[in-house]
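*Asks:* Have a look; sequence and predicted model below, questions after that.
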Amino acid sequence: MIQLKSMLNCIDNSGAAVVECVQVLKKKRPATVGDRIVIVVQKQRSFGPDSANNSGIANKVRRGDIRHAVVVRVKKEMQRADGSLVKFDDNACVLINKSGDPIGTRMNGVVATELRARQWSKILSLAPMHV
Amino acid sequence: MASFSQLARQLGCSRPLLKPQPLIQSQISSRSITSAYSPKPEHAPFPTKIPEQFLSQIPDRFKPRIQKRMKIYPPPPSARAACKDPITTVKESQLAVLDPTGERGTLFDYRRNPRSVRVGDILRVVFKNGDPFSGVCLSIKLCGIDTSFLLRNELTRVGVEMMVKVYSPNVQSVEIVQRTQKRKRRARLYYMRKPKHDMRSVENVVSNYLRQQSALTGQRPSSGKKR
Amino acid sequence: MPPRLPKKLAQLPFSLGALAPQLITPTPVSIRTFGIRSLNPPKNSPYNAGPDLPVLKSTPAAALERKANTLPLRTGALAVKKGMTAIFDPESGKRIPCTVLQLDRVQVVAHKTIAVHGYNAVQIGAGWKHPTNVRKSLLGHFSGQGVSAKRHVFEFRVKDESGLLPVGELVHADWFQEGQFVDARSNTKGKGFAGVMKRHGFHGQDRSHGVSLTHRSLGSAGPSQGGGSRVYPGKKMAGNMGNEQNTVQNLKVLKVDRENGLVLVHGAVSGPKGCIIRIQDAIKKPWPTIVEPTEATQATEASA
């Protein structure tokens, strides 16, 4: 149930930590796992003092950036085809660019398997674990 | 004088009795309330020989009644009597395919089976596609074919809950990894979602169990059903 | 000042009124001799006119012809809603929610034919009622057709005479085939006298800001003097909600059990448990190819 003003965790290494949903794309309902949304970066990760050296782990996004993202975890339970329900304790997303490729190179955190059905296999393969 | 008038006044109520009784009163007393009796008129039999043109003029209600009995047909055999509780019938036909031995049902029937799964136990579910999921059992819902249990775990420091249907064909096996230490006094342990009561990750317990299992059997942990 | 007539009309003599009906309707139309009739001749629409447009006929025969494509070829059946459950598909592992319907002593009671009644329909009865509780006129109807007294009686329209199942024939659950689609028609759950917020989804009024005692009522029932100072017909107001007929279209038949009279359809059907449901072949899907169920069942019965 991600909608306008929802705050989500960002679980990739793009540099964003907490983002806010400003738009749900391609549907008139709250977003769930696998939906594309537009977000504003509210908090960025600090990678210590060497983040200013513009090394490999520099933040790719800054606070206030408007980006696209894919929802990967939701608190609202999702029903599977066999009637089982899955829910997580937080809402989380992964930042992507306009063409749909993830901005970050790594992800930390479990994601939902529903991503595969929604053609986000690339994100699913980056994730360390899926449920 | 005064004493006589007092006496007369007291006896005044008996004055009508002293009066001579009129003759009419006796007549009234002898009269009955019922009216004069007249015998019920004899039902005149319908004349047998009447010309056709007269018969047609007589109203129907005066014609002799022909008792025409309506034939009542018996109902066909009832499907409702054959199957009083169709929902149970459908359920049982399903269970014959999904759970022929009744093992799954008894494993979660905590009302009847004392050795069943209880809330607070740590369970490990393996699905048909090979994915395992383990967690603390927070609730068991006994609901016919939709009987399900709720597992909670913490993966990569994120709480994950999964409600699994017991009779789902996607469930390969369910194992009890660890029994609860103390009988829980609640049927639904939803308070365990709160940070104060949260059990956090049960992955350590499950990996220990799997190691023990593999040591006992001397091979890789099988995905077969264990009690 | 009297209303001005258009120039053309003003020039014409007053015989136009007498001429006009003949010009517009060359074919003689039977005029009713009773009831309230309009003094004006019927007007031709200026929009839906053209030489190649088909003439809409208002005869019963034309109405039947228009309806022919949406009338099922065969009759439906009456069923009792027994509740909802789910079935698991062992191959795909899918859980399919379904409604359990039971056909109880469903029998053809009578026919309605075009020649007599103006349309083709099969009158179907279901259940059983004790004959002492049936009105004598209705009991006579049942007895005359040679069937027992029925608790529920409904009609199912069919396209033509070939769809008229013989009177007294029992309709079993295998009248429907697994995999075919049906329409389920029934009365919804009654909600009683409901306000406009529940019944029509109005927003109600404010909790405060000077609103007193009308927090859940409708705002206005219509315009005032300019609008005619009346409430227009069809104005949404409070009233009885539910217990009205609803059709759920295109429900897939998942399972059929002839012995127990069970039909399992995919998804939900309107109404409470125990209500009567009319199921018939779905009009928005191709008609099912009818396999003669009687022969197969007769063979099994003979062997058994």
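*Replies:* Received it, and whenever you're ready, just let me know what you need. Fair warning: this is a prediction, and the values are worked out from it, not measured in the lab.
*Asks:* name the element residue B:137 belongs to?
*Replies:* Secondary structure assignment for residue B:137, by DSSP states H and E: strand B:132-141.
*Asks:* Could you look up the SS state of residue B:216?
*Replies:* helix (DSSP: H, G, I helix; E, B strand; the rest coil).
*Asks:* Parallel or antiparallel, which strands does whichever helix or strand comes after the strand holding residue B:137 pair with?
*Replies:* The C-terminal neighbour of strand B:132-141 among helices and strands, as given by DSSP H and E, is strand B:148-155. Based on DSSP bridges, the strands next to strand B:148-155 in the sheet, each with its direction, are strand B:132-141 (antiparallel), strand B:158-165 (antiparallel).
*Asks:* got the CA positions of the last one in CSV?
*Replies:* Okay, so that is strand B:158-165. Included here for strand B:158-165 are C-alpha records, laid out as CSV according to Å, rounded to 0.1, in the frame of the first residue of the first chain:
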residue,chain,number,x,y,z
VAL,B,158,13.7,-7.7,8.4
GLY,B,159,10.7,-9.4,9.9
VAL,B,160,8.9,-11.7,7.5
GLU,B,161,5.6,-13.4,8.0
MET,B,162,4.1,-16.1,6.0
MET,B,163,0.6,-17.6,6.3
VAL,B,164,0.8,-21.1,4.7
LYS,B,165,-2.2,-23.3,3.8
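*Asks:* Can you tell me which residues in chain C are near chain B?
*Replies:* Within chain C, the positions adjacent to chain B are C:80, C:82-83, C:85-91, C:93, C:95, C:100, C:102-105, C:107, C:127-128, C:131, C:136, C:139-140, C:142-143, C:146-149, C:170, C:173, C:255, C:257, C:259-262, C:264 by Cβ under 8 Å from any Cβ of the partner chain. For glycine as for every other residue, the C-beta is placed from the backbone atoms N, C-alpha and C.
*Asks:* and these, which are buried?
*Replies:* With burial judged by 16 or more other Cβ atoms under 10 Å in any protein chain shown, the buried subset of the residues of chain C next to chain B is C:80, C:82, C:85-88, C:93, C:95, C:100, C:102-105, C:107, C:127-128, C:131, C:139, C:142-143, C:147-149, C:173, C:255, C:257, C:260-262, C:264.
*Asks:* Give me the subset of those residues that also touch chain A.
*Replies:* When Cβ under 8 Å from any Cβ is applied, the members of those adjacent to chain A are C:86, C:88, C:93, C:95.
*Asks:* Can you pick out the most distant pair from those?
*Replies:* C:86 and C:93 (12.6 Å; Cβ to Cβ).
*Asks:* neighbours around the one residue in chain A that gets nearest to chain C, how many?
*Replies:* For chain A and chain C, the shortest gap (Cβ to the nearest Cβ) falls at residue A:83, measuring 3.7 Å. Per other Cβ atoms under 10 Å in any protein chain shown, the neighbour tally for residue A:83 reads 22.
*Asks:* Quick one: the strands in chain A, in order.
*Replies:* A:7-10, A:16-24, A:36-44, A:66-73, A:78-79, A:85-88, A:92-96, A:110-111, A:129-130 (DSSP state E).
*Asks:* right, so of these, which gets closest to residue B:180?
*Replies:* Taking Cβ to Cβ as the criterion, residue B:180 comes closest to strand A:85-88 out of the strands of chain A, the separation being 22.7 Å.
*Asks:* is chain B contacted by that closest one?
*Replies:* Yes - contact between strand A:85-88 and chain B, assessed by Cβ under 8 Å from any Cβ, occurs at A:85, A:86, A:87, A:88.
*Asks:* how close does the third one sit to residue B:158?
*Replies:* Counting by Cβ to Cβ, to the nearest Å, the gap between residue A:87 and residue B:158 amounts to 11 Å.
*Asks:* what do you get for the last one?
*Replies:* To residue B:158, residue A:88 is 6 Å away according to Cβ to Cβ.
*Asks:* In three-state terms, label residue C:99 for me.
*Replies:* On the basis of three-state DSSP, residue C:99 is classed as strand.
*Asks:* Hmm, residue C:265 and it touching each other?
*Replies:* Yes - proximity of residue C:99 to residue C:265 meets the contact threshold set by Cβ atoms under 8 Å, at 5.3 Å.
*Asks:* Spit out the residues that contact these two alike.
*Replies:* Applying Cβ atoms under 8 Å, 6 or more residues apart in numbering or on different chains, one finds that residue C:99 and residue C:265 are jointly contacted by C:184, C:251.
*Asks:* List the residues that contact residue C:288.
*Replies:* If you count contacts by Cβ under 8 Å, 6+ apart, then residue C:288 has C:176, C:177, C:180, C:281 around it.
*Asks:* Could you list the low-pLDDT ranges of the chain?
*Replies:* Since no chain was named, I'll use chain A. Using pLDDT under 70 as the threshold, the predicted model of chain A has low-confidence ranges A:47-57.
*Asks:* look at chain B instead
*Replies:* B:1-4, B:7-8, B:12, B:16, B:20-34, B:219-227.
*Asks:* go with 50
*Replies:* Scanning chain B for pLDDT under 50 picks out the ranges B:222-227.
*Asks:* For whichever residue of chain B sits closest to chain A, list each beta-bridge partner.
*Replies:* Distance from chain A to each residue of chain B (Cβ to the nearest Cβ) is smallest for residue B:159, at 3.3 Å. Residue B:159 has the following beta-bridge partners by DSSP bridges: residue B:154.
*Asks:* before we move on, what about residue B:127?
*Replies:* Here residue B:127 sits in beta bridges with residue B:171, going by DSSP bridges.
*Asks:* what's the neighbour count on it?
*Replies:* Summarising burial for residue B:127: neighbours were counted as other Cβ under 10 Å, giving 18.
*Asks:* Repeat that for residue C:266.
*Replies:* As a burial measure, the neighbour count of residue C:266 was computed by other Cβ under 10 Å and equals 16.
*Asks:* quick one, phi/psi of it?
*Replies:* The main-chain torsion angles of residue C:266 are listed as degrees, to the nearest 10 and equal phi -70, psi 130.
*Asks:* Could you report the distance from it to residue A:119?
*Replies:* Residue C:266 sits 27 Å away from residue A:119, going by Cβ to Cβ.
*Asks:* who in chain B is up against chain A?
*Replies:* Along chain B, the residues adjacent to chain A under the rule Cβ under 8 Å from any Cβ are B:131, B:133, B:146, B:148, B:155-165, B:168-170, B:193.
*Asks:* related to what we said a few turns ago, so the residue of chain A closest to chain C makes contact with residue C:85?
*Replies:* No - under the criterion of Cβ under 8 Å, residue A:83 makes no contact with residue C:85, lying 11.8 Å away.
*Asks:* Residues in contact with both of those two, list them for me.
*Replies:* With contacts defined as Cβ under 8 Å, 6+ apart, the residues adjacent to both residue A:83 and residue C:85 are residue B:146.
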